[in-house]
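[1] Structure of the sequence below:
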Amino acid sequence: MATRKPQRTPAEIEDIILRKIFLLSLVDSMENDSRVVYLEMSAAEILSEGKELKLSRDLMERVLIDRLSGNFVSAEPPFKYLVNCYRRAYEEGKKIGSMKDKNVRGEMELAVKQAKKLAVSYGRIHLGNPDMFPNWDTNKSNVSPLLPLVFSEVGSNIDGFEGSIQAVSLSSPPGFLEEFFRDGDYDSMESILKKLYEDLRGSMLKVSALGNFQQPLRALMLLLHYPVGAKALVNYPWWIPKSVYLNGRVIEMTSILGPFFHVSALPDHALFKSEPDVGQQCFSEASTRRPADLLSSFTNIKTVMNNLHEGLVEVLMCLLKNTRTRENVLEYLSEVINRNSSRSHLQLNLFPVDPLSSASSGMFVNLSAIMLRLCEPFLDANMSKRDKVDPKYIFDSNRLELRGLTALHASSEEVTDWINRINPGKVDVFANNSDGENRLLKSQEATSSGSKSNEVSLLHSNRVMSSCSQKGKYPFICECFFMTARVLNLGLLKALSDFKNLVQDISRCEDTLSTFKAMVGQTPSPQLQQDISHLEKEIELYSQEKLCYEAQILRWRASSAGIVVLPVNGEHFVEDTMELLIFASRIPRALDGIVLDDFMNFIIMFMASPDYVRNPYLRAKMVEVLNCWMPTRSGSMATSTLFEGHQLSLEYLVKNLLKLYVDIEFTGSHTQFYDKFNIRHNIAELLEYLWQVPSHRNVWRQIAKEEEKGVYLNFLNFLINDSIYLLDESLNKILEIKELEAEMSNTVEWEGRSQQERQERTRLFHSQENIIRIDMKLANEDVSLLAFTSEQITAPFLLPEMVERVSSMLNYFLLQLVGPQRKSLSLKDPEKYEFRPKQLLKQIVNIYVNLARGDKENIFPAAIIRDGRSYNEQLFGAAADVLRRIGEDVRIIQEFIGLGAKTKVAASEAMDAEAVLGDIPDEFLDPIQYTLMKDPVILPSSKVTLDRSVIYRHLLSDSTDPFNRSHLTVDMLIPNTEVKAAIEEFIRSQEVKHSADNSNMERSKDTIQTTNTTSLID
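    Numbering: from 1, shown residues only. Take a look at the predicted model:
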């Protein structure tokens, strides 16, 4: 019969468990495990104290210190040893659970718990004081040994980081990190967390959207869920970097959160280029890729960026919900915004911005998405928190630098003067932008004086921030709203501007490439081949960047285009709203479910109100929004109700468009002459659409009647001016391009020129082609507008100050289209240049006929023949012949021929009238037109007398005295009754004289006739 195994005492069991946990022995050669350390000195001391050589809870900390302090070269490094102690304690704890004796089990559980606590405690001590215990590890790393444990806690994959991190395979035992961060006091944890945050920042430097950013991000989120972790982060000296050279890029690269915000698919400066290269990996040779491959890349980038945004939102929300750290977050965000204010300059294309001093577009696009998500709770459909957003924040806030922004109807200097008048004693805290110490002090005060409750609702918190203006106290909602507005301006809007410029660069490169390839066929050369190769590579890189923009920006989720109109007196707030509406309108279904009526009200009210919105380009931007909403362009009938069922639109839209068409003539910009054509192009497209809507057409006709000598006359004047200029420029350019074609077709002479000259002439040829296309398209648009409006509205065309201008325009166009020089305008491919002479002739003739139909006083034929430059009676017959050949309506042709007959009669009558008047005294002639004045008026400043219709025509385009440039308006003109009476007397006297001369001539004829007859009879 086998002998029964003696049962171990609790002390013996405890000794065995602790020896397994700590790998220690008080008896030499007691263990065969080479990892076990024999504590000879400790054993001797214990024996001298009369105690047994058994490990116990009483001896646990003592022997642990001896183990850590001893010179055991082959043993594990201190921190690794402590982590593994905790791991072994965890494993032993699971075994203890199967013990039957409850008392023994309870005692052993206490021992294991104490072992864990000691492992964690001395782990903190070691990391906080690395030199306290000897470390014989030959593979020491600069990375915190705690970082691999954190990474193992949030995910196993650590690819993409430094080799020193990869080399460490230590994982975190269950419960270790929780106990490590939860129970540590701030003083002991500060230096440990500081090192962790530095390592996390380092692991994120130059990581792109395709890199492993998710593990460091999850690690950061893990740390911030512990109060000590959040406090350590915002009190870190480089939470907001301090330096006299501090700028936006420095904050992005050196602050803890900066590299996390930098992760992006967008291109950046070469010095800060992230890896892996998103454009190269996802979009190389995109033109040869399958659409499904590109879509997969788009989806992948969108997914990873959403993951990044969600993680960063969680990070910020964790800090913002804590009253002890919220102020620090707001300070950080405001510093990022203020230090990157120069990014907005690029959007306006005023100044080049140094990418070394401004944060990347990637950072600000990310920040735009994140700030919008922070705003979502209070930007609900009903705008229930609207009253929390105070427009006075712009003037009162000392957190954001907003006072220098251009106001809607005031310059920044005027705004500053106004603020100083209402706040004479107030000091601007932003006078010294480098005062980082004061900011840090405020952050520390806010951190130390927080509420006892860490977690509060952001939506209902009206707590006064320590750095808020003394005049105004603003809740979080207000601060978040304006920060988001600024971030959108510096981020998303700036990126959209960059994207547009990039598309233009690609277009220019492609045009140049086609030019070079055309030149190769005529003058091949090695240099030209190099230039073509270089351009093809450049286009490839640009195309990759373009697709990166599309992946991250143009495929944003629709809710990211959250927009709200509030009474905010800042130009860029309104401009950004318009840009975002344009952006969202171009994303399919992005505006579905969004009520646009308030935006429509805003645009209609302010786009023609320079008294409220001074900048004409900003008002023109509103028209661009409406263009995107036209049903023909948006592809959605839902937007048609904004034009056809919106009360304000039906009453004021046409009138305000006409007014803006006039206002845009004088923008004050040095490029105003060229800018106006693009702006008027958008207006003309809208007007053409509205003319098809009966309710708008009726309003239009009423405006033309009521404003016959007001805004409508001005509109017609500028429309005619533009039509003449654009068509004249286009036709002249056609002649120039035909000359260039002739040069290049003469092979012998062409090849005799130098290569440089041939290249310059070829570039000029393609440049002229582009100009003709643009100018001709705009000219067609303007003539079309004149054609369909003149069908129902004729009176303004026939006013004395307008009828001759219209007639001259029509005569000039007719001369170019059917006159002797028409063959010189023939092109091989006219459609390529938007040149449609048949359609143009039809429209010109229709305008002639429309005005003739409305001419009840027969003044139109007389005006036509007074045009001495272009009028020729034979043109009417020539035009009729062409119209018959191209199939114009017979009735139109007959009416046009009838108008030609009337002009002949008018020409005969004009010759008779000229004969009656004879030599006209100079004082009766208009000094500009040199025609007899009918209604002379005196210009008050120069005292010159002009005919009223002539000066009226001048004032339609220029509100100055033509002789001294002083200001002049119609109501300032002084009737010259004396000269008018003299002219009328002169006309009467000449008519009487002419009548008398005619009578004398008749009598002379009778006398001669009688005399001759008598003579013959005789």
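[2] which helices and strands sit right next to the helix or strand residue 720 falls within?
    Taking DSSP states H and E as the definition, one finds residue 720 inside helix 711-745. Packing contacts for helix 711-745, counted by 3 or more C-beta pairs under 8 Å, 6 or more residues apart in numbering; DSSP states H and E, involve helix 647-663, helix 672-691, helix 694-706, helix 747-751, helix 755-790, helix 800-818, helix 948-957. C-beta: built from backbone N, CA, C; applies to glycine.
[3] I'd like those laid out as a markdown table, including mean pLDDT, mean neighbour count and distance to residue 374.
    Shown next, in a markdown table, are those (pLDDT from 0 to 100; neighbours: other C-beta atoms under 10 Å; distance: least, C-beta to C-beta, whole Å):
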| stretch | mean pLDDT | mean neighbour count | distance to residue 374 |
| --- | --- | --- | --- |
| helix 647-663 | 92 | 21 | 33 |
| helix 672-691 | 89 | 18 | 34 |
| helix 694-706 | 92 | 16 | 42 |
| helix 747-751 | 79 | 11 | 65 |
| helix 755-790 | 88 | 18 | 44 |
| helix 800-818 | 91 | 22 | 57 |
| helix 948-957 | 82 | 20 | 51 |
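[4] For residue 360, find the nearest of the ones you listed.
    Among these, helix 672-691 comes nearest to residue 360, with 30.3 Å by C-beta to C-beta.
[5] elements contacting that closest one?
    Helix 672-691 packs on helix 616-629, helix 647-663, helix 694-706, helix 711-745, helix 755-790, going by 3+ C-beta pairs under 8 Å, 6+ apart.
[6] repeat that with 6 Å
    Using 3 or more C-beta pairs under 6 Å, 6 or more residues apart in numbering; DSSP states H and E, the elements in contact with helix 672-691 are helix 616-629, helix 647-663, helix 755-790.
[7] Contacts for it next, please.
    Helix 672-691 is contacted by residues 620, 623-624, 626-627, 630, 654, 657, 661, 664, 696-697, 778, 781, 785 when judged by C-beta atoms under 6 Å, 6 or more residues apart in numbering.
[8] Spit out the contact partners of residue 842.
    Per C-beta under 6 Å, 6+ apart, neighbours of residue 842: residue 888.
[9] change it to 10 Å
    787, 836, 882, 883, 886, 887, 888, 889, 892 (C-beta atoms under 10 Å, 6 or more residues apart in numbering).
[10] who wins for neighbours among the residues you listed?
    Comparing the contacts of residue 842 by number of neighbours (other C-beta atoms under 10 Å), residue 883 comes first, having 21 neighbours.
[11] immediately after the helix or strand bottoming out on mean pLDDT in the chain, which helix or strand?
    None of the helices or strands of the chain scores lower by mean pLDDT, DSSP states H and E than helix 436-448, at a mean of 36. Sequence-wise, the next helix or strand downstream of helix 436-448 (DSSP H and E) is helix 476-490.
[12] Ok, which of the helices and strands packed on helix 711-745 comes nearest residue 191?
    That would be helix 672-691 among the helices and strands packed on helix 711-745, by C-beta to C-beta, at 59.3 Å.
[13] quick one: that closest one to helix 616-629, angle?
    30 degrees (axes from the mean of the first three to the mean of the last three C-alpha atoms, to 10 degrees).
[14] circling back: now flag whichever of the contacts of helix 672-691 is closest to residue 203.
    Lowest distance from residue 203 to the contacts of helix 672-691 (C-beta to C-beta) belongs to residue 624, with 43.9 Å.
[15] Show me the shaky parts of the stretch 1-150 of the chain.
    Applying pLDDT under 70 to the stretch 1-150 of the chain flags the ranges 1-6, 29-32, 73, 136-140.
[16] what ranges do the helices span in it?
    With DSSP state H, counting those that start in this stretch, the ranges of helices along the stretch 1-150 of the chain come out as 10-22, 40-48, 57-69, 78-96, 102-128, 146-154.
[17] is it possible to export these to CSV including mean neighbour count?
    Formatted as CSV, the helices of the stretch 1-150 of the chain follow (neighbours: other C-beta atoms under 10 Å):
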stretch, mean neighbour count
helix 10-22, 20
helix 40-48, 14
helix 57-69, 17
helix 78-96, 20
helix 102-128, 18
helix 146-154, 22
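[18] Kindly reformat the ones you listed as TSV containing distance to residue 382.
    Output for the helices of the stretch 1-150 of the chain, formatted as TSV (distance: least, C-beta to C-beta, whole Å):
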stretch	distance to residue 382
helix 10-22	61
helix 40-48	73
helix 57-69	62
helix 78-96	53
helix 102-128	50
helix 146-154	39
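[19] so which of those comes closest to residue 924?
    Among those, the nearest to residue 924 by C-beta to C-beta is helix 146-154 (95.2 Å).
[20] roughly how far out does that closest one sit from the chain middle?
    What separates the centre of helix 146-154 from the centre of its chain is 40 Å, taken as C-alpha atoms, centre = their mean, to the nearest Å.
[21] same question, stretch 240-258
    Worked out by C-alpha atoms, centre = their mean, stretch 240-258 lies 25 Å from the chain centre.
[22] Give me the nearest residue to residue 650, chain neighbours excluded.
    Spatial nearest neighbour of residue 650, chain neighbours left out: residue 695 (5.5 Å); criterion: C-beta to C-beta, 6 or more residues apart in numbering.
[23] residues touching residue 777, list them.
    So residue 777 contacts 681, 726, 730, 833, 834, 835 (C-beta under 10 Å, 6+ apart).
[24] By neighbours, which of the residues you listed wins?
    When neighbours are counted by other C-beta under 10 Å, residue 730 leads those with 24 neighbours.
[25] Now do the contacts for that one.
    With contact set as C-beta under 10 Å, 6+ apart, residue 730 has these partners: 771-780, 816, 825, 833-835.
[26] so which of those comes closest to residue 264?
    residue 774 (35.1 Å).
[27] Relative to residue 736, how far out is the closest one?
    To residue 736, residue 774 is 15 Å away according to C-beta to C-beta, to the nearest Å.
[28] what does residue 321 give?
    Counting by C-beta to C-beta, the separation of residue 321 from residue 736 is 68 Å.
[29] Skipping adjacent residues, who's closest to residue 770 in space?
    Spatial nearest neighbour of residue 770, excluding adjacent residues (C-beta to C-beta, 6+ apart): residue 511 at 7.2 Å.
[30] One more: residue 88?
    residue 21 (4.7 Å).
[31] pLDDT wise, what is residue 570 at?
    pLDDT recorded at residue 570 is 69.
[32] Check residue 739 too.
    Looking at residue 739, its pLDDT reads 87.
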